[in-house]
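**Q** Predicted structure and sequence below. I'll ask about it afterward.
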Amino acid sequence: MLQEADETFTFKNTEGSYRFSVHDILYFYSDRRKVTLVTDKGEYSFYEKLDSIEKQLEAGFVRIHQRYLVNAQKVEHIDRLHHGFGLRSIQEIVKRHGGNMEIQTDEKYFQIFLYIPAEKVRRQVH
């Protein structure tokens, strides 16, 4: 839940209640209803729909994929060579999950191919 007065995001999980400054949140990723909030200090999981979080945060957060919601203020660089938005963040996420990322470009378009082993994703859910 977003608290606008002091720009914090709060949630509860089995370990207790948490409150984070929106400015400290790097991104969220989800697997079904389990959402993980990522900061420089760690990862914190709770049950919610990523769509609901996106609606609460609206300004400043960008949905880069069905499962990822990124804090745009944390994107350090966007360049013409790599096009796109926050590719370094996407690449870090993919590498964290044992995968790799491939970028193909031409004069007008770019394509990003993300490869994440399904076996690794299934193991993290359980």
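**A** Looks like it came in fine.
**Q** Please list all residues in contact with the closest residue to K74 other than its chain neighbours.
**A** Using Cβ to Cβ, 6 or more residues apart in numbering and skipping the chain neighbours, the partner closest in space to K74 is L26 (5.1 Å). From N, CA and C alone the C-beta is placed, and that goes for glycine too. Shown in contact with L26 (Cβ atoms under 8 Å, 6 or more residues apart in numbering): V38, T39, D40, V70, N71, K74, S89.
**Q** one more time with 7 Å, if that's ok
**A** With contact taken as Cβ atoms under 7 Å, 6 or more residues apart in numbering, L26 is in contact with V38, T39, D40, N71, K74.
**Q** Name the residues of the longest helix anywhere in the chain that come out as buried.
**A** Longest helix in the chain, counting residues (DSSP state H): helix 87-96. For helix 87-96, a neighbour-count test (16 or more other Cβ atoms under 10 Å) marks L87, S89, I90, Q91, I93, V94 as buried.
**Q** again, but for stretch 56-72
**A** In stretch 56-72, counting by 16+ other Cβ under 10 Å, buried: L57, F61, I64, R67, Y68, L69, V70, N71.
**Q** packing partners for the helix or strand hosting the third one?
**A** Assignment of secondary structure by DSSP states H and E places I64 within strand 61-65. Applying 3 or more Cβ pairs under 7 Å, 6 or more residues apart in numbering; DSSP states H and E, one finds that strand 61-65 makes contact with strand 68-71.
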